[in-house]
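In: structure of the sequence below:
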Amino acid sequence: MVQVAHGMTVVVGLGISGRAICRHLARNNTPFMVADTRKAPPGLDDFYAAHPGITVHCGPLTAIDFTHVHEVVISPGVDPRTPGLEGLLTRRNTATDEPVLIGEIALFTRAVNAPIAAITGSNAKSTVTTLLGEMAACSGVCAAVGGNLGTPALDLLTEHPDADLYILELSSFQLETTPYLGAASAAFLNICEDHLDRHGDMAGYQAAKQRIFLGAKHAIINADDPLTWPQNEVASLESFTSAPPKGDEWGLVNIDGHVMLVQGSDPWLRADALTVAGQHNYMNALAALAMGRALGFSKQSMCEALCAFKGLAHRSETVANINGVTWVNDSKGTNVGATLAAINGISATLTGKLILLAGGVGKGADFTPLAAPLAGCARAVLLFGEDAPRLSAALSASNNVRQVNNLFQAMEAAWQIAQPGDCVLLSPACASLDQFANYQERGDAFRGWLAGRQVEVNP
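Out: Next up is the predicted model:
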């Protein structure tokens, strides 16, 4: 049994966030040790070089005696219910009355000296986080952007110590170990089934997401999605909708044949001024505008940022048009809600048919909501990966469904059957970890295959 010294902090998980936690503790001269359930975490030699003398336990956490521990800080990828940690879930620090088991964002909120803008949601949180960062820059606000996107939150404190604002994308994994956030503005964009393998059910997943409102001075919610609405009172509340707004809501209206982004009766921007198209992108813009206005950004600067924004890689990204067929990379579509948004956005302007490439690790999700929209627009649905059989069972009754071994076979099949005017959409509705390291690698594989075909077509 590994004994934890009295007053010691234990960091669990040596991934990207775990290493950021260690750097933060070292900078603050906090005594700590590290635990990782893997026998040989990648980069262990580099860790020892950066933190000489730090104890690292590799293996089951049940081998650690946490009796005298001061605090256990877990990486987002570590389930708080991992064997060995269960006894800490309700334990509190006798000196501070704070939970003993926390995550990186709890350390961040203790150390930060500037306002926090926080964004969560099953989908679009990276897009809205990036948009808000661009709006801040256009408004002359020194903002540091990171969290679940890009730079770990704790590293932002050293890389941008004089920031006027910290804009954080936060996942459910980060929020469930955050006792208090206190954001100046907090947005909950949307929710659909995701990470049920971690949270158990939708109620558990929603409860984790709802923690973004803890101590929030201003909240942004999706009026179309009641599960995003705060379960407890917040100081100030605004909402956005895909419909004409009620009162001072942010919404979409048709004025003289043009879709307009508005707040109440105040028009802000024509939707066709945006580089990114589709209702889901207009909703993202509304959420970012609502947050930016609450944070004091100028209207002109925010609209300029919106018009200049070209979208993020792997998110409904048009990669190629070959022989009249459009190929779209939405590899970040790792849940059913994201894939539905991509299907609806593309089918609204599609002249031909849709060919969907989907599959991977489904995380316990229900795929049946995809069946109806695909029945109306799909030429074929090509499935690959671990949960292809489950997807097939959910979709085959009303769609031309075929299972293949991998993404490349799916793309080859799509190449053979696509006709001019069609769109081939990679939006897997699943995580990538059965066949790829991450969604980026999956999207890059999609791009690489197409690059080879473009050379063949146009040598």
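In: how far away is the residue nearest to residue 151 when sequence neighbours are not counted from residue 43?
Out: With Cβ to Cβ, 6 or more residues apart in numbering as the criterion, residue 151 has its nearest non-adjacent residue at 6.5 Å, and that residue is residue 159. C-beta: built from backbone N, CA, C; applies to glycine. Summarising the geometry, the distance separating residue 159 from residue 43, computed by Cβ to Cβ, to the nearest Å, is 20 Å.
In: same thing with residue 357?
Out: When Cβ to Cβ is applied, the distance between residue 357 and residue 43 equals 33 Å.
In: higher neighbour count, those two?
Out: residue 357 (27 against 12; other Cβ atoms under 10 Å).
In: now do the SS call for that one.
Out: When the structure is reduced to helix, strand and coil (DSSP: H, G, I helix; E, B strand; the rest coil), residue 357 reads as strand.
In: pretty sure residue 129 sits against residue 143.
Out: No: the pair residue 129 / residue 143 is not scored as a contact, 10.4 Å apart, by Cβ atoms under 8 Å.
In: overlap in contacts of those two?
Out: Taking Cβ atoms under 8 Å, 6 or more residues apart in numbering as the contact rule, the neighbours common to residue 129 and residue 143 are residue 167.
In: name the residue in the two with the higher neighbour count.
Out: For residue 129 versus residue 143, the count of surrounding residues by other Cβ under 10 Å is larger for residue 129: 28 against 23.
In: ramachandran coordinates for that one?
Out: Phi and psi for residue 129, reported as degrees, to the nearest 10, are phi -60, psi -50.
In: now do the phi/psi pair for the closest residue to it other than its chain neighbours.
Out: On the basis of Cβ to Cβ, 6+ apart, the spatially nearest residue to residue 129 that is not a chain neighbour turns out to be residue 169, at 4.1 Å. Residue 169 has phi and psi values of phi -80, psi 130 when expressed as degrees, to the nearest 10.
In: what number of residues lie near residue 169?
Out: As a measure of burial, residue 169 has 24 neighbours, counting by other Cβ under 10 Å.
In: thinking it is in contact with residue 153, fair?
Out: No: at 9.4 Å, residue 169 and residue 153 do not qualify as touching, with contact defined as Cβ under 8 Å.
In: where do the contact lists of those two overlap?
Out: With contacts taken as Cβ under 8 Å, 6+ apart, the residues that reach both residue 169 and residue 153 are 146, 147.
In: does residue 390 lie in a helix or a strand, and which?
Out: Under the criterion of DSSP states H and E, residue 390 resides in helix 388-395.
In: contact partners of that helix?
Out: For helix 388-395, the surrounding residues in contact (Cβ under 8 Å, 6+ apart) are 358-359, 362, 366-368, 370-371, 374, 381, 383, 401, 403-404, 429-430.
In: any of these buried? List them.
Out: If you count burial by 16 or more other Cβ atoms under 10 Å, the buried members of the contacts of helix 388-395 come out as 358-359, 362, 367, 370-371, 374, 381, 383, 401, 403-404, 429-430.
In: max pairwise distance over those: which two?
Out: Using Cβ to Cβ, the buried ones among the contacts of helix 388-395 reach their maximum pairwise distance at 371 and 404, which is 19.5 Å.
In: re earlier: now the buried ones among the contacts of helix 388-395 as JSON lines including distance to residue 333 and secondary structure?
Out: Converted to JSON lines, the buried ones among the contacts of helix 388-395 look like this (distance: Cβ to Cβ, whole Å; DSSP: H, G, I helix; E, B strand; the rest coil):
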{"residue": "358", "distance to residue 333": "8", "secondary structure": "strand"}
{"residue": "359", "distance to residue 333": "11", "secondary structure": "coil"}
{"residue": "362", "distance to residue 333": "12", "secondary structure": "coil"}
{"residue": "367", "distance to residue 333": "13", "secondary structure": "coil"}
{"residue": "370", "distance to residue 333": "11", "secondary structure": "helix"}
{"residue": "371", "distance to residue 333": "16", "secondary structure": "helix"}
{"residue": "374", "distance to residue 333": "14", "secondary structure": "helix"}
{"residue": "381", "distance to residue 333": "14", "secondary structure": "strand"}
{"residue": "383", "distance to residue 333": "14", "secondary structure": "strand"}
{"residue": "401", "distance to residue 333": "18", "secondary structure": "strand"}
{"residue": "403", "distance to residue 333": "19", "secondary structure": "strand"}
{"residue": "404", "distance to residue 333": "18", "secondary structure": "coil"}
{"residue": "429", "distance to residue 333": "6", "secondary structure": "coil"}
{"residue": "430", "distance to residue 333": "9", "secondary structure": "coil"}
